[in-house]
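Trainee: Below: sequence and its predicted model.
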There are 2 protein chains.
Amino acid sequence: MNDVPGETDTGPAADHAYRLIRDEILTGRRAGGEWLRESEMAEWTGVSRTPVREALRRLTAEGLVRYERHRGVQVQSWNVRDVDEIFSLRSVLEPWGSRLAAVSGSLDVVELADLANRMDELAPDGRPSDVDKLTELNNLFHRTVLEAADNTRLTNVISSVIQLPLVWRTFSRYTPEALRRSLAHHHELVSALTARDPDWAESVMCSHVRAAWHTIRASTHEI
Amino acid sequence: MNDVPGETDTGPAADHAYRLIRDEILTGRRAGGEWLRESEMAEWTGVSRTPVREALRRLTAEGLVRYERHRGVQVQSWNVRDVDEIFSLRSVLEPWGSRLAAVSGSLDVVELADLANRMDELAPDGRPSDVDKLTELNNLFHRTVLEAADNTRLTNVISSVIQLPLVWRTFSRYTPEALRRSLAHHHELVSALTARDPDWAESVMCSHVRAAWHTIRASTHEI
DNA sequence: TGGGCAATCGTTGTATGCAACTTCGGATTG
DNA sequence: CAATCCGAAGTTGCATACAACGATTGCCCA
């Protein structure tokens, strides 16, 4: 879970508070709409209000919390529309990133294949034993592909956009069949990237993202 | 120039400092690599270090300054690579946004045409009389199109990515011919959007961005 | 004379007190 | 009885003092 974006560490206290509060949100322990009081967070994290404020401002910039002047911050709440926004963006950016990665030549396909294999081991029958670990590997897989696209802004943009509890814990909502398909996509993407076929890579990633999109839509329909 | 992203106003002092420092960077008055000392900024803006720190953290999140723990922040410096990253991203996202805008039906084409006309008036012969005003209208034009795409994350992503002095003051580097072509693209995009032809709109915007890309590359080649 | 060490200085990081603002409850008045 | 105004409580916004850390300089020693 410690997948903190870009070395923005601003000090032990502020960083401590940031990680704790962020984790609290991404794991869903704090529901959308809940107010996060500075003094409460300060007491809970064991630091003063100053670093807490800094952490909250950072979370505001990342879109995880909502800020209202003189009123405080509350956990950002999401709906189906947010999911659609995120996945439609991903369905453009991630395939494009895969295309770039295919032709860049700077990708370690062995490492990527290893990641795909380790994910298989965590869910051999489509039933994950450790969702958190699987999520971590999945995020790493996607980030590895994107980093090979060699466009830091692309990487940052996507990682900032997928910061949503629902997206973060996506695998906990997958059916065994959907999960098996998702893992198969990973292997196919490795093949496409190994073959350095940009069209293939782009197409596989597009399928991968859109499949995930519909899987999540289906699982959230009744919420 | 007062084109501040998303109502994140955190208070008069912090907001004041933020706008001042941000403007200082975007206009190029502070060169890349220059250190921005908290106490110096505090004295200059007339507020204490606390709101200044808040402003600097915000600018850090937006990528306008570089932060190093215990050392301070310095104005982010850019190179041709940054320009390429930004424009390659824009060349994917803006056309896609135009496509969405073409089919969304939520676009006020009259307003957009008006913007294009006002830009013409500011540079009838391809020689802009007021670059700042032209820049403001151009940003507004692009944002208007994007907002019609009805994906707030797309809008935010692009506006966060184009925060670079070079991109911001882009028109000051245009040749009269390049500027005339750019303005013509705007009118053509209005036509495509009026016709609600997604392919046309996407294609025009793609040309528009890529033309700008090469114009800037040409003008920065000797830097 | 050169290298390493330590003290000092400048800067950032954190804590805390106070000011400003919002909100909510109750009293007051029509 | 309702609407409004006033005030108290709670929260955030800002300023300031102090602590922690990094850089630099000068000194000491080999």
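Mentor: Right, received. Where do you want to start?
Trainee: any idea how far DNA strand C is from whichever residue of chain A sits closest to chain B?
Mentor: Closest contact between chain A and chain B, by CB to the nearest CB, is at A:Ala61 (3.9 Å). C-beta: built from backbone N, CA, C; applies to glycine. Here the criterion is CB to the nearest atom of the strand, to the nearest Å. By it, A:Ala61 lies 16 Å from DNA strand C.
Trainee: any idea which residue of chain A is furthest from its center?
Mentor: Centroid-distance maximum for chain A: A:His70 at 30.7 Å, with CA atoms, centre = their mean.
Trainee: Could you look up the SS state of that residue?
Mentor: In three-state terms, and counting by DSSP: H, G, I helix; E, B strand; the rest coil, A:His70 is coil.
Trainee: how close does it sit to A:Arg37?
Mentor: For A:His70, the distance to A:Arg37 (CB to CB, to the nearest Å) stands at 13 Å.
Trainee: tally of neighbours for the closest residue to A:Glu38 other than its chain neighbours?
Mentor: Distance criterion CB to CB, 6 or more residues apart in numbering or on different chains; nearest residue to A:Glu38, sequence neighbours excluded, is A:Arg49 at 4.9 Å. Using other CB atoms under 10 Å in any protein chain shown, A:Arg49 has 15 neighbouring residues.
Trainee: I'd assumed A:Ala42 was in contact with A:Arg49.
Mentor: Yes. The criterion here is CB atoms under 8 Å, and A:Arg49 meets it with A:Ala42 at 4.8 Å.
Trainee: Walking through chain A, point out its strands one by one.
Mentor: Counting by DSSP state E, chain A has these strands, from start to end: A:35-36, A:65-68, A:72-75.
Trainee: Checking the lowest-mean-pLDDT helix or strand in chain A against chain B, do any of its residues make contact.
Mentor: The weakest-scoring helix or strand in chain A, judged by mean pLDDT, DSSP states H and E, is helix A:165-168 (a mean of 77). No. Applying CB under 8 Å from any CB of the partner chain, one finds helix A:165-168 separated from chain B by no less than 11.9 Å.
Trainee: Take that helix, keep the C-alpha atoms, and write them as PDB.
Mentor: Taking Å, rounded to 0.1, in the frame of the first residue of the first chain, the C-alpha atoms of helix A:165-168 are listed here in PDB:
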ATOM      1  CA  PRO A 165     -10.600   3.900  -3.100                       C
ATOM      2  CA  LEU A 166     -12.900   2.100  -5.500                       C
ATOM      3  CA  VAL A 167     -10.200   1.900  -8.100                       C
ATOM      4  CA  TRP A 168      -7.500   1.200  -5.600                       C
END
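Trainee: Who are the packing partners of it?
Mentor: Counting contacts by 3 or more CB pairs under 8 Å, 6 or more residues apart in numbering or on different chains; DSSP states H and E, helix A:165-168 packs against helix A:12-26, helix A:80-104, helix A:198-220.
Trainee: now it: how far from the chain's centre is it?
Mentor: Remark: helix A:165-168 is offset 7 Å from the chain centroid, using CA atoms, centre = their mean, to the nearest Å.
Trainee: try stretch A:85-104
Mentor: For stretch A:85-104, the distance to the chain centre is 14 Å (CA atoms, centre = their mean).
Trainee: buried sites along that stretch?
Mentor: Neighbour-count burial for stretch A:85-104, counted by 16 or more other CB atoms under 10 Å in any protein chain shown, picks out A:85-102, A:104.
Trainee: on that earlier part again, tell me, how many residues neighbour the residue of chain A closest to chain B?
Mentor: So A:Ala61, with other CB under 10 Å, has 21 neighbours.
Trainee: And for the one 4 residues further on?
Mentor: Taking other CB under 10 Å as the neighbour definition, A:Val65 ends up with a count of 25.
Trainee: that older thread, columns mean pLDDT and distance to A:Val157 on top of the strands of chain A, output as TSV?
Mentor: Formatted as TSV, the strands of chain A follow (pLDDT from 0 to 100; distance: least, CB to CB, whole Å):
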stretch	mean pLDDT	distance to A:Val157
strand A:35-36	97	26
strand A:65-68	95	20
strand A:72-75	96	23
